[in-house]
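Colleague: After the sequence you'll find the predicted model.
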Amino acid sequence: TNSTADSLSRLPVCTPGTQQALYPVGLVGSNSFGCMGATPGLRQQQSSELPICSKIEVLLNEEELMCDVQELASSPQEGWASVTVSQIVGEVPKAAWDILPLTIKDVATATKDSRQYGKLYNAVRSGVLDSKDPDLKKFNGVFHELYIEDGVLYLGSRVVIPTTQHLRLLTELHYTHIGVVKMKETVRGYFWWPGITKDIEAMAAKCDGCRKYKKKPPPVPLCPWPYARRPMERVHIDYCEYKGKMILVMIGAYSKKIWTRCMMSDTTTYKTLAVLFGWFCEEAGFPTTLVSDNGPQFTSKEFEEKLSKWGVKHILTPPYHPASNGLAERAVGVVKDKLKKMDVSATPVELHIGLAYIGRVYGLTPHASTGRCPFELVKQGPAPSLFPCLTSRSNQQRRSEATVVKHSVAQLHKKCQFGEGEEVVIYNNHTKLSSKGTILEILGTNNYLADCGDGPSTSRVI
């Protein structure tokens, strides 16, 4: 009865550890009793105190239960405690707690109140559709499949939802943020209205929660670097660590020759520039292009200014994308692999000798991609110019004539291309979240400068 349910909702319970006798509690007018949903009053009053026991005895004698419940509710005893809903399930959004699902009665009422669907309702009843009516044109193709049952329009086995209930239904459907495909599969056998697929896609696209926690997109096929046609046309550099010591590694894109230098713990900008200057002077001259990652010594203002004075174009790879500097990564892998297998100690002398021997053997061994020794190829080019800045025009012409090696895998995939000013969704590798952004500049085939709106513009790769 209602009085029993109201008494149960105010019933104090015995907490574990007390010595009070446990009064019997029965189930009246419900098939469950517990932390929520036992009575209509409990569903409507979230803040009401909800009793809970560590032990429940079920009695079928309603008269005895009524007497015990009313006596306990009117005279609380010492040692008894009350538990609220929030203490049981925590903080729950009110929309989820009090959500009212869309019913057939709501659909029938909204259908008759809607101007467009009211016309359709009358047309189905009469069996005649006015094809010239702009409100009914979109129903021409399915009119003969529509019928009325209990005041509701049906298309086959699917309920036709009027316009005023579209947002309510989609909100209820997307409350747990299921994906577009799952939403389409769910409504396919239950609901219909013209353009329901586009409405589902639009709701998912506008959802801030789905966009923020969107998974990282799969990587696109790598775009290869332009083919180097002469020694020192392009070099790649990177740092690696071996037994606590830092090693600077450089490799030529054309010759595949590897340069190494043990830097110990000094990886500053000026020390790096000094080593690079020595390599450029003693070998085939200054390179046309130097590629590096976003290490602090490579992104400093001094490093950029010095390379500009030397006539070297500096390219920084996108953050969190080591594959863009893959040639240097492979060179680092070769050096570290040989050092580990040779078990070279970390002392300066032993490490210097080990690196020199690795460079000599590697340089005199035919490379798999060229079939020739790196030492042989690095000496093939013309003599280094004493005035590299004055010959930049000819170097630029050589770069423009360089052919691009086509990647066989890339031909099987459609490349994603964006234009300047286009809005995109950008994945942040640091926070592991996605946000809206705008393309500011196209840096390469798969490389863009984007403004994320939450900090400085950064280079992004798709």
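Modeller: On my side now, so go ahead.

Colleague: Any idea which helix or strand in the chain has the lowest mean pLDDT?
Modeller: helix 94-97 (a mean of 39; mean pLDDT, DSSP states H and E).

Colleague: what's downstream of that one, the next helix or strand?
Modeller: Per DSSP states H and E, the first helix or strand lying C-terminal to helix 94-97 is helix 104-113.

Colleague: list the buried ones in the next helix or strand after that next one?
Modeller: Sequence-wise, the next helix or strand beyond helix 104-113 is helix 115-126, with elements assigned using DSSP H and E. Going by neighbour count (16 or more other Cβ atoms under 10 Å), the buried part of helix 115-126 is 116-117, 119-121, 123-124. The C-beta positions use only the backbone N, C-alpha and C, and glycine is treated the same way.

Colleague: quick one: average confidence on the helix or strand just after helix 115-126?
Modeller: Towards the C-terminus, the helix or strand next in line after helix 115-126, according to DSSP H and E, is strand 146-149. Mean pLDDT, strand 146-149: 92.

Colleague: Next: stretch 242-249.
Modeller: Regarding stretch 242-249, the rounded mean pLDDT is 95.

Colleague: neighbouring contacts of that stretch?
Modeller: Defining contact as Cβ atoms under 8 Å, 6 or more residues apart in numbering, one finds that stretch 242-249 is touched by 237-241, 258-267, 272, 275, 328, 331-332, 335-336, 339, 344-346, 351, 355.

Colleague: Alpha carbons only: can I get it in PDB?
Modeller: C-alpha atoms of stretch 242-249 as PDB (Å, rounded to 0.1, in the frame of the first residue of the first chain):
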ATOM      1  CA  TYR A 242      74.400   5.200 -24.600                       C
ATOM      2  CA  LYS A 243      75.200   4.300 -21.000                       C
ATOM      3  CA  GLY A 244      74.500   7.800 -19.800                       C
ATOM      4  CA  LYS A 245      76.600   9.500 -22.500                       C
ATOM      5  CA  MET A 246      75.100  11.500 -25.300                       C
ATOM      6  CA  ILE A 247      76.100  10.900 -28.900                       C
ATOM      7  CA  LEU A 248      75.500  13.200 -31.900                       C
ATOM      8  CA  VAL A 249      74.600  11.400 -35.100                       C
END
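
Colleague: Would you mark the buried spots in it?
Modeller: Residues of stretch 242-249 classed as buried: 242, 245, 247-249 (neighbour count, 16+ other Cβ under 10 Å).

Colleague: Return the subset of these lying in strands.
Modeller: Of the positions in those, 242, 245, 247-249 sit in strands, assigned by DSSP state E.

Colleague: what residues are up against residue 181?
Modeller: Going by Cβ under 8 Å, 6+ apart, the list of residues near residue 181 is empty.

Colleague: Beyond the helix or strand where it lies, next helix or strand please.
Modeller: Applying DSSP H and E as the criterion places residue 181 in helix 180-187. Moving toward the C-terminus from helix 180-187, the first helix or strand encountered (DSSP H and E) is strand 191-192.

Colleague: what stretches of the stretch 101-250 of the chain score poorly on pLDDT?
Modeller: For the stretch 101-250 of the chain, the stretches flagged by pLDDT under 70 are 219-222.
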